[in-house]
Every structure is written in structure tokens, then in C-alpha cells.
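Engineer: Sequence and predicted structure below; questions after.
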Amino acid sequence: MLGLIGLGRMGLSMAKRWRARSLPVVGYDPDLEAQARARKEGIRVASSLADLAGQLTSPKTFWLMVPAGAVDSVLEGLAPYLSPEDLVVDGGNSFYRESQRRGEALAQKGVGFVDVGVSGGLWGAKEGYGLMVGGEARWVARLEPYLAALAPEGGWVHAGTLGAGHYSKMVHNGVEYALMEAYAEGAELLYAGREELGLDPARILSAWRQGTIVRSFLLDRLAEVVQGPLEGIAPLVEDSGEGRWAVEEGLRRGVALPAMAQALFVRWESQGRADLRFRLLALLRRAFGGHAVRREDEG
């Protein structure tokens, strides 16, 4: 039995995937509406961290799907219920150095720690999640049935030692920033030539999905979002942290990351501009990850 802490969009989808594959899971979320949604989906739900711990047999495994800023407070709440040989998994988007710190602190108490970078967004529930896993081999081996159930075949990797999972996800998201920016710039250039050349950007982008070198999952989502109205979408692209961490890590290690850096800077630039590509980037983030977009009349 695995105890899942965090029953938001991603956490609930993962719990459903485990349940569908006959892997026992009990969830907990302090939000009562999240608890109700999980129960409606047939997920067993605990009423508190104490209740969650009490429903697990030793050695216990806790999987956290909470925002990076909440991990330490959740671990503090879990501390009374952790014993040697228990295992804690952080499946959120934490900074890898913080994961190393947390893992080292838990190791002093004989508790294992595994950091898992999770990619897949809204589509992961159906198609499976890409998983990048960091930690000692013995802890990863214990977790393997749950990892295999989340990922498509060949879709999870033991990336390395403590912190490697979140490091890999940080790099992944830096690449994601750069790819999204390239697609949005290309789409904006198509729209710019529309009047002179009679271009139909939506049909062109859709055609690119078949046989071209640039076809991809992200291009599929872009071709979908341009079918709908673009007017009224605020040209604001959020910076959720991982791309920034990747650029900072490049600076620290002396690795040039011009595409990632430019994509990050463009997101900052979007806060004061109304370019079409910023609207497209905002819609693209919503299409694959469910991230919120703002309407222009919201300010």
C-alpha cells in the first residue's frame, strides 16, 4: 500500500492509474473538495496524515505530489509517523539541491528518499507519464511496481543518485521552454505573412504534424490551440521555476544555454507586451499542462 499526499490534478490522475492496475493506494489532501473528488473516483482517502500513516503497513511508503514550497512543511507533519526503512518520494517539481538536502536529513533517521521528476501533464493519465528517478537503487527497486504502472513501456529511468530525478526534470523543462518558444515564433511568422501570401496558419501547422522533421507532441497541441480564438487571451506566460533553475545551473557549471536562457527571458518580457506568440505560449501551456491563462479584461 502506498500513501499519496496531494490529490490535485496530477496526484488524482496518478492514483487512478495505480488503482486501475490493481496497485493499492490511499490518498490524503487537506482540501476537502480534493478529498471528495478522489472518493468520487473510487480512491480510498484518509482524513489526516495520522490516519494515512495508520492505514499503511510497515515499512511505509509516502509519495508527495505537492508544490515545491510545501514539501518541507509536509515532511515536518509526517515526521512523527516515519520509522527506519520507511520511504518518502517527492514527485513534485522541487529543486534538486533541496531534494538532496531532504534525502540526507531523512537518511540520518534510516528513512529512504527518492526524487521523481514527472512529465506528461494532462495527457499522462491516459498515455502514461515520463518519470526520471533519483536515489539509491534499493529504494528505487522497492518503488518499481508503482513506477512501471505510471509510465508507458520504456518511459521511466533510474537517472542517478539522490537529486538526479529532479535535476533531469529541470533540464527537461528548460528544453520544453526552448521548444515552445521556437514553435510560437514560427507560428507568429506564419500569421505575419498571412495577408500578403494568403497563408492559413492553422492548416499549415496541422500539416506539419505529418511527416515533417518538426512534428512532436508540442506541435500537436499548438495545432489544436490555433483552431480556437486567440483574441482576449492575455499575452502573459508564467515562469514556474524549472526553466530558471536550468539557466542558473548552466551559469554555475559553465554550460552555455542560449536557447533556454532566451526562452526564459521571453517569458519575463511577455508581462509588458501583446505579441501573438505570447498568447500562443499561454494557450500551449494550458493545452498540455492545464496551466491557467488570463483573459485580457482581468488585468
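Structural biologist: Sure thing, it's come through. Numbering: from 1, shown residues only.

Engineer: Spatially nearest residue to residue 62, not counting backbone neighbours?
Structural biologist: Leaving out its chain neighbours, the residue that sits closest to residue 62 by Cβ to Cβ, 6 or more residues apart in numbering is residue 3, at 4.7 Å. For every residue, glycine as well, the C-beta is placed using N, CA and C.

Engineer: can I get the CA coordinates of the helix or strand where the one you found lies in PDB?
Structural biologist: Secondary structure from DSSP states H and E places residue 3 in strand 2-5. Output of strand 2-5 as PDB, limited to C-alpha atoms (Å, rounded to 0.1, in the frame of the first residue of the first chain):
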ATOM      1  CA  LEU A   2       1.300   3.400  -0.900                       C
ATOM      2  CA  GLY A   3       0.200   6.600   0.800                       C
ATOM      3  CA  LEU A   4      -0.300   9.500  -1.700                       C
ATOM      4  CA  ILE A   5      -0.200  13.100  -0.300                       C
END
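
Engineer: What lies in contact with it?
Structural biologist: 11, 14-15, 18, 23-29, 46, 49, 52-53, 55-56, 60-66, 74, 78, 146 (Cβ atoms under 8 Å, 6 or more residues apart in numbering).

Engineer: what helices or strands is the helix or strand following it leaning on?
Structural biologist: Heading C-terminal from strand 2-5, the first helix or strand you meet, by DSSP H and E, is helix 9-20. For helix 9-20, the elements it packs on are strand 2-5, strand 25-28, helix 32-40, helix 124-127, helix 137-150, judged by 3 or more Cβ pairs under 8 Å, 6 or more residues apart in numbering; DSSP states H and E.

Engineer: for the last one, packing partners?
Structural biologist: Under the contact criterion of 3+ Cβ pairs under 8 Å, 6+ apart, helix 137-150 touches helix 9-20, strand 61-64, strand 87-90, strand 112-119, strand 130-134, strand 156-160.

Engineer: mind listing what's buried in that helix?
Structural biologist: 139, 140, 142, 143, 146, 147, 148, 149, 150 (16 or more other Cβ atoms under 10 Å).

Engineer: quick one on the thing from earlier: and the helices and strands packed on helix 137-150 as TSV, adding mean pLDDT and distance to residue 215?
Structural biologist: What follows is the helices and strands packed on helix 137-150, written out as TSV (pLDDT from 0 to 100; distance: least, Cβ to Cβ, whole Å):
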stretch	mean pLDDT	distance to residue 215
helix 9-20	95	26
strand 61-64	98	34
strand 87-90	98	33
strand 112-119	97	19
strand 130-134	98	18
strand 156-160	98	24
